[in-house]
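> no sequence on this one, just coordinates:
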């Protein structure tokens, strides 16, 4: 089975009122709301793909928040990259990259919105925790991950400031 690296990003932003919201984009092929993301290109890391996809699809810059990970030893000679929060394999139908069924090895990142840079290329909606729970058109795997991140939000914020 063909396996392809992908990156997904849960982008959080403080709402105009109080509270945090997570961005979802409308995906016509799935007829539902999902977080931005896509394939990792040959010349980029999953973290670089994550930020590129957010700019393309949501039209904004983000600051990635490294997932919980074991720190590298002091003096480690190589450049670390931002760790995803999860890495999952999921079955994928034929798409613009591969004409047969395959598997996406999805690197799931968390990020904070850091300003708009261009118009989004798709419909974007910001969901608070309640709207996320009520939204009928949100992909269930995305809902489960976003719900977990809202539940762990103090950890997300702490890691963002470390």
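All right, it came through fine. Nothing here was measured: the structure is a model prediction, and the numbers come from that model.

> where exactly do the strands run in this structure?
Counting by DSSP state E, the segments of the chain that form strands are 3-14, 20-27, 32-34, 37-39, 60-65, 86-92, 102-116, 124-127.

> closest to residue 47 out of these?
Closest to residue 47 of those is strand 60-65 (CB to CB; 6.0 Å). Using the backbone N, CA and C atoms, a C-beta is placed for each residue, glycine as well.

> thinking again about what came up before, could you dump the strands of the chain into JSON lines with mean neighbour count added?
Listed next are these as JSON lines, based on neighbours: other CB atoms under 10 Å:
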{"stretch": "strand 3-14", "mean neighbour count": "21"}
{"stretch": "strand 20-27", "mean neighbour count": "21"}
{"stretch": "strand 32-34", "mean neighbour count": "19"}
{"stretch": "strand 37-39", "mean neighbour count": "21"}
{"stretch": "strand 60-65", "mean neighbour count": "20"}
{"stretch": "strand 86-92", "mean neighbour count": "13"}
{"stretch": "strand 102-116", "mean neighbour count": "20"}
{"stretch": "strand 124-127", "mean neighbour count": "18"}
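
> any chance of the ones you listed in TSV, plus distance to residue 152?
As requested, the strands of the chain are exported to TSV (distance: least, CB to CB, whole Å):
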stretch	distance to residue 152
strand 3-14	11
strand 20-27	12
strand 32-34	20
strand 37-39	20
strand 60-65	11
strand 86-92	12
strand 102-116	9
strand 124-127	17
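
> save those as TSV, and put in mean pLDDT and distance to residue 151 too.
What follows is the strands of the chain, written out as TSV (pLDDT from 0 to 100; distance: least, CB to CB, whole Å):
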stretch	mean pLDDT	distance to residue 151
strand 3-14	96	13
strand 20-27	94	12
strand 32-34	96	19
strand 37-39	97	21
strand 60-65	96	15
strand 86-92	96	14
strand 102-116	96	13
strand 124-127	94	15
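
> if we ignore the residues flanking it in sequence, what's nearest residue 14?
Nearest in space to residue 14, with sequence neighbours left out and distances taken as CB to CB, 6 or more residues apart in numbering, is residue 20 at 6.1 Å.

> thought that neighbour was touching residue 110?
No: if you go by CB atoms under 8 Å, residue 20 and residue 110 don't touch, sitting 11.5 Å apart.
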